[in-house]
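Chemist: got a predicted structure plus its sequence, pasted below:
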Protein chains: 2
Amino acid sequence: MKEKLEELKKRFAVVNDLQRAAAVLGWDQQTYMPPRGASARAEQLATLQKLAHEHFIADENGALLNDLAASAAQLPYDSDDTSLIRVTKRDYDQAKRVPPALVEEMARVASLAFEAWHHARAESNFKLFQPHLEKNVALRIQLANYLGYTDRIYDALLDQYEPQMTTAQVEAIFAPLKKEIVALVRKIAHKADAVDAAVLHREYAEQTQWDFGVQVIKRIGFDFERARQDKSAHPFTTSFALDDVRITTRLSKNFLPSALFGTIHETGHALYDLGGRAELDRTPLAGGASLGAHESQSRLWENVVGRSRGFWQFWFPRLRETFPAQLADQTAESFYRAVNKIAPSFIRVEADEVTYGLHIMLRFEMENALVEGRLQVADVPEAWNAKMKEYLGIVPPDDARGCLQDVHWSYGDLGYFATYLLGSMFAVQLYDKATRDVPAIPEQIARGEFGALLGWLRQNVHTHGRKFTLDELARRVTGEPLQSRSYVAYLKKKFGEIYQV
Amino acid sequence: MKEKLEELKKRFAVVNDLQRAAAVLGWDQQTYMPPRGASARAEQLATLQKLAHEHFIADENGALLNDLAASAAQLPYDSDDTSLIRVTKRDYDQAKRVPPALVEEMARVASLAFEAWHHARAESNFKLFQPHLEKNVALRIQLANYLGYTDRIYDALLDQYEPQMTTAQVEAIFAPLKKEIVALVRKIAHKADAVDAAVLHREYAEQTQWDFGVQVIKRIGFDFERARQDKSAHPFTTSFALDDVRITTRLSKNFLPSALFGTIHETGHALYDLGGRAELDRTPLAGGASLGAHESQSRLWENVVGRSRGFWQFWFPRLRETFPAQLADQTAESFYRAVNKIAPSFIRVEADEVTYGLHIMLRFEMENALVEGRLQVADVPEAWNAKMKEYLGIVPPDDARGCLQDVHWSYGDLGYFATYLLGSMFAVQLYDKATRDVPAIPEQIARGEFGALLGWLRQNVHTHGRKFTLDELARRVTGEPLQSRSYVAYLKKKFGEIYQV
């Protein structure tokens, strides 16, 4: 077994190298690439992704995986080797179903669609993006049909980001959650003036914001020897290796939370990747369990920690030293309340913790309608605005603040959005368990110490890489399946107290 | 023919994409990669390079090239298609002769040698580097024997960087050139005090240097829509596509020429790559004719233009506005003289225009002696210092400023150095022809206008990509072979006037 396993790992290392190389090219495209470089970059990415796919689905890999499956089954389910074979065999069987030409085409179309989206958003002109989105949707429908599904076409797409999660499961979680959130939003709406967030819209010098953010994430545990931060239009995290993780942020002179919480959010993702084990690096088990699991880490640090009262007990005095004029009239408590203001808004990534879920549900529902043919791409702006009106009571004044705001559809990433809300839920489920295991965590956070929480996350989540599904991870770490109960309780308690509802 | 040619181009496009992807990873490694990312990056680069090599030497490519050779011969020698087949067939036949195991071994040894060199240079301890250099030399001798040669073993190595140039040709050029340069250096040595360059060592704020450099290269024609500049420890130019070219520079607070002329030098390289034709992009004909041809462009803009009196007539007033305190006591003329000070020095990359050639000849002669077995690696420091004494009259105080200064031998790049001097020569040969064709060029430069010169270079040099050898290009553009006559006349005239010798 040992020899065959080594051979398999060697073969997968080549796939990994190609995927990581593609990630470098993708990162460069969003951070530094000159504007005209896009079309050549599209070809290069398509080639890398096609080769990675071809090397992954090589028949030799299938034979090795089959040969190894029997002996692997005799080892514990959670051993590295058994997990490698189990997880990769599933990936392999799925990838085998997809023609390399489709993979190449999806990459090429997406790369051009990204440029078109960028342009369309800048001009708030959906028509510029529409033909690209039509191609992306058509290609994802093709992809889903190749991958196969038993119940809903969307299952095949969702599975790409959240393995083994089904559309029906998500709907079963979202339906009651939507009721709770809508009810909470309505209650808070009656007390909208209870929180004043005007302080966040004062003028904050961008470089100073950047420097403060760096100070915060260094203290949280972001290691600049193994990672770095750059600027991009749409913040993201990407990993080129266990010891080379990149985050990006964007700075808004007149909106403090954009960079501050964006940086902490991406740091949450980065800490997950940086917390992997060296034994899993350059194997298919490197990285996070799923996008939902990944988002649990970013949302945990951004919201459960970063928007907590304790966090600002420590950081507010430092922030006020940094921006004395802007924060002269504030206290840690007033600032804590400001960063937790609940109000319907247009932009998902700037949405508060309560309304955020509704932004996700809107996208999840629209994507389902798109791939099931119940919604045409041309009708997306209208449908978007109708749902915004229904769930949040507001209508975007233009498509830049509506259906053009997110980058995901430009990449063709349909099936992705639900993981954000699953992650937000899981963040609370994890934090509840962490504080049961280590009750000192909240006090430590209030002293600006994050080591106990980060250590708990490393030991319980990060170390496993891609070995488990989100639900497996939830059961293993918290003793129960992924659930929204903790999340709803958290929202009700936190915002019930702030808004007295 | 058309169908087979299209098939061949499609296959080569994949090779090109892999090479360009490797270039992106290499660029990132030298600009932004966090320190700990190096070892994973080495694996990724090795994978990309191995795959590019495998895809290039595929038997199908050989068969297509053979099938196409006959019909291609019926088209004009300089047609795109004939050139593609001629140039690529030569590359293919050469690549086929090298066993993949040797390629892998060279890469492995070079990677360790680079680390050892870095360490050895920092400690100025040649012994630490010696065993690695011995391996690199032995492997290059093996490489040369696989590649084959008729006259001198060095021919096979030189050919890797300067196709079809022979050692005997270079020697025939260098021998009389050396006499001329040595004589000029001696004459100038007697008037060493005639030029005062102290102004260059005053304190210049780095960001201001950067901004001034950007202003200069924008005016020269560097297009930030298709290219960008970043910082790196060792300046370089790399191209990811016709519309995505990257240069780097380094800033030295107390030495103005470092960034200023470095930026202009790399811009010369970049303009060559940016001046290619779209039809050749993503084919093996993209890029420059050879390293010598490439260096002709960088040296032309850096020295023939950038260190000319006319150039500073226009730019000095602007530079003095930028650094009023530092340049208060200077005139355009005194500054022009300062940037043209001639003095023997230890470091090649900081050498002036006159002594530069001697640094090259020293390396060229030593490399020949090494691969012909006339010089043992253990004796390199002694031989280096003896030649420095003979050619420049100075002896490096340590090996860090002697035989350990250049990175090339750590990579195993033997055969490379001569191209720097061939390029410097060709720069003058080209500029002479350009000014005969367009006599207004010097006056335009003195008005800060560079369009006529750039246009001439695009039309006569850049547009051909890799279609011709350096000598073919010289004959085609200037009507005579590559020669040193123009270069010697240029040096004598320019520095004879400055130093009154």
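Modeler: Ah, there it is. Numbering: from 1, shown residues only, chains lettered A, B, ... in the order given.

Chemist: now the helices for the stretch 251-400 of chain A?
Modeler: For the stretch 251-400 of chain A, the helices defined by DSSP state H, counting those that start in this stretch occupy A:256-274, A:291-299, A:309-322, A:324-327, A:332-338, A:356-371, A:380-392.

Chemist: could I get the phi/psi values of A:Leu25?
Modeler: Per-residue torsions, A:Leu25: phi -60, psi -40 (degrees, to the nearest 10).

Chemist: that one is in contact with A:Leu45, isn't it?
Modeler: Yes: between A:Leu25 and A:Leu45 there is a contact at 5.6 Å, judged by CB atoms under 8 Å. Using the backbone N, CA and C atoms, a C-beta is placed for each residue, glycine as well.

Chemist: for chain B, find the nearest of the helices of the stretch 251-400 of chain A.
Modeler: For the helices of the stretch 251-400 of chain A, proximity to chain B was assessed by CB to the nearest CB; helix A:256-274 is nearest, at 10.1 Å.

Chemist: so does that closest one get close to chain B?
Modeler: No: if you take CB under 8 Å from any CB of the partner chain as the test, helix A:256-274 misses chain B, and the best it gets is 10.1 Å.

Chemist: likewise for stretch A:228-246?
Modeler: Yes: applying CB under 8 Å from any CB, one finds stretch A:228-246 in contact with chain B at A:Arg228, A:Asp230, A:Phe240, A:Ala241, A:Leu242, A:Asp243, A:Asp244.

Chemist: show me what counts as buried in that stretch.
Modeler: By neighbour count on 16 or more other CB atoms under 10 Å in any protein chain shown, the buried set for stretch A:228-246 is A:228-229, A:232, A:234-246.

Chemist: just want the residue of the stretch 351-500 of chain A that's nearest chain B.
Modeler: Closest to chain B within the stretch 351-500 of chain A is A:Gly465: 15.3 Å, counting by CB to the nearest CB.

Chemist: so that residue sits against A:Arg282, correct?
Modeler: No: checked against CB under 8 Å, the pair A:Gly465 and A:Arg282 is beyond contact range at 11.4 Å.

Chemist: those two: who's more crowded?
Modeler: Set A:Gly465 next to A:Arg282 and count neighbours by other CB atoms under 10 Å in any protein chain shown: A:Gly465 wins out with 27 against 22.

Chemist: quick one on the thing from earlier: pull the most distant pair out of the residues of stretch A:228-246 next to chain B.
Modeler: Distances among those were taken as CB to CB; the most separated pair is A:Asp230 and A:Leu242, at 19.4 Å.

Chemist: near chain B, which residues of chain A?
Modeler: A:13-14, A:17-18, A:20-22, A:24-25, A:28, A:32-37, A:39-41, A:43-44, A:46-48, A:51, A:224-228, A:230, A:240-244, A:281-282.

Chemist: narrow those residues to just the buried residues.
Modeler: Buried subset of those (neighbour count, 16+ other CB under 10 Å): A:13-14, A:17-18, A:20-22, A:24-25, A:28, A:32-34, A:36-37, A:39-41, A:43-44, A:46-48, A:51, A:226-228, A:240-244, A:281-282.

Chemist: next up, the contacts around A:Val87.
Modeler: A:Pro284, A:Leu285, A:Arg466, A:Lys467 (CB atoms under 8 Å, 6 or more residues apart in numbering or on different chains).

Chemist: pretty sure A:Phe323 is touching A:Val199, no?
Modeler: No: between A:Phe323 and A:Val199 there is no contact under CB under 8 Å: 9.7 Å.

Chemist: give me the number of residues near A:Ala328?
Modeler: By other CB under 10 Å, 8 other residues sit near A:Ala328.

Chemist: quick one: stretch A:401-408 to chain centroid distance?
Modeler: How far stretch A:401-408 lies from its chain's middle: 15 Å, per CA atoms, centre = their mean, to the nearest Å.

Chemist: picking that back up, pLDDT wise, what is the residue of the stretch 351-500 of chain A closest to chain B at?
Modeler: According to the prediction, A:Gly465 has pLDDT 97.

Chemist: okay, which residue is most central for chain A?
Modeler: Central residue of chain A (CA atoms, centre = their mean): A:Glu295, 4.4 Å from the mean position.

Chemist: touching, that residue and A:Ala418? I think so.
Modeler: No: contact criterion CB under 8 Å: A:Glu295 and A:Ala418 do not qualify, at 10.0 Å.

Chemist: what about the stretch 1-150 of chain A, any weak spots by pLDDT?
Modeler: For the stretch 1-150 of chain A, no stretch is flagged by pLDDT under 70.

Chemist: which residues in it form helices?
Modeler: A:2-31, A:38-56, A:59-73, A:80-96, A:100-123, A:126-147.

Chemist: just name the most buried of those.
Modeler: Most buried of the helices of the stretch 1-150 of chain A, by mean neighbour count (mean count of other CB atoms under 10 Å in any protein chain shown): helix A:38-56, with a mean of 22.
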